[in-house]
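Participant: Quick one: sequence and predicted model below, then my questions.
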Amino acid sequence: MNRRKSLEIEGVTHGKTPIPQGAKIGPFVFSSAIAGVDPSTGTIPEDPRQQVQLVFQHVRRFMEGAGGTPEDIGRMTVYLENEELRNLVNEEWVKMFPDPQSRPARHSTVTHLRNGAVVQVEMIAVVPE
């Protein structure tokens with residue numbers, strides 16, 4: 001029996017690459033880069049706001065698939081195509097983590113992203129066993 005289990009988000013893939021959306025080992029959950037892919041089309045929409053909203057929807061679905069919730073996330077890294085997107089991320093961040101006393105650590109960085117993505121996230125979580 002494998003200790004590590006690959007995790008996926010239905011309708012969201014890394015194309016034809018052999019990379020899962022994340023992995024779980026015991027209570028520890030690690031994501032790959034999760035982009036704002038529209039699961040109904042398999043494409044990344046042009047609208048930055050829609051991409052950010054989709055990313056946070058995927059985070060929730062990813063955590064449910066891992067057996068947890070966003071409350072189990074301990075750290076999130078946010079990759080942005082440009083600094084102006086930070087406000088859109090903060091809007092969704094506060095919706096997902098409304099309690100300022102219980103938010104994950106977060107690091108944001110500006111970098112060039114591929115395939116039209118303007119935002120991606122990675123996270124580390126610990127879920128109940």
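Facilitator: Right, received. Where do you want to start? In this text, all values refer to a predicted model and were calculated from it rather than measured experimentally. Numbers count the residues shown, from 1 in each chain.
Participant: Who's the closest spatial neighbour of residue 60, skipping the chain neighbours?
Facilitator: residue 70 (5.9 Å; Cβ to Cβ, 6 or more residues apart in numbering). Heads up, the C-betas are built off the backbone N, CA and C, glycines and all.
Participant: residues in contact with the one you found?
Facilitator: Applying Cβ atoms under 8 Å, 6 or more residues apart in numbering to residue 70 gives the contacts 59, 60, 63, 96, 97.
Participant: Report how many residues lie close to the last one.
Facilitator: So that's residue 97. 16 (other Cβ atoms under 10 Å).
Participant: Repeat that for the third one.
Facilitator: The local packing count at residue 63 equals 22, with neighbours defined by other Cβ under 10 Å.
Participant: With just CA atoms, put stretch 109-120 into CSV.
Facilitator: Extracted C-alpha coordinates of stretch 109-120, given in CSV (Å, rounded to 0.1, in the frame of the first residue of the first chain):
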residue,chain,number,x,y,z
THR,A,109,5.4,36.8,-5.5
VAL,A,110,5.2,38.3,-8.9
THR,A,111,6.5,36.1,-11.7
HIS,A,112,5.7,35.2,-15.3
LEU,A,113,3.1,32.5,-15.5
ARG,A,114,2.3,30.2,-18.5
ASN,A,115,-0.7,29.6,-20.7
GLY,A,116,-2.5,32.8,-19.9
ALA,A,117,-2.6,32.3,-16.1
VAL,A,118,-2.4,35.5,-14.1
VAL,A,119,-2.6,33.7,-10.7
GLN,A,120,-1.6,30.4,-9.2
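Participant: Flag every buried residue along it.
Facilitator: 113, 117, 118, 119, 120 (16 or more other Cβ atoms under 10 Å).
Participant: Likewise for stretch 6-22?
Facilitator: Buried, per 16+ other Cβ under 10 Å, within stretch 6-22: 7, 9, 12, 20, 21, 22.
Participant: before we move on, what about stretch 82-92?
Facilitator: 85, 88, 89, 92.
Participant: ditto for stretch 48-59
Facilitator: 48, 51, 52, 53, 54, 55, 56, 57, 58, 59.
Participant: And for that stretch, what's in contact with it?
Facilitator: 9, 12, 21, 34-38, 44-45, 70, 73, 76, 85, 88-89, 91-93, 95-96, 117-121, 123.
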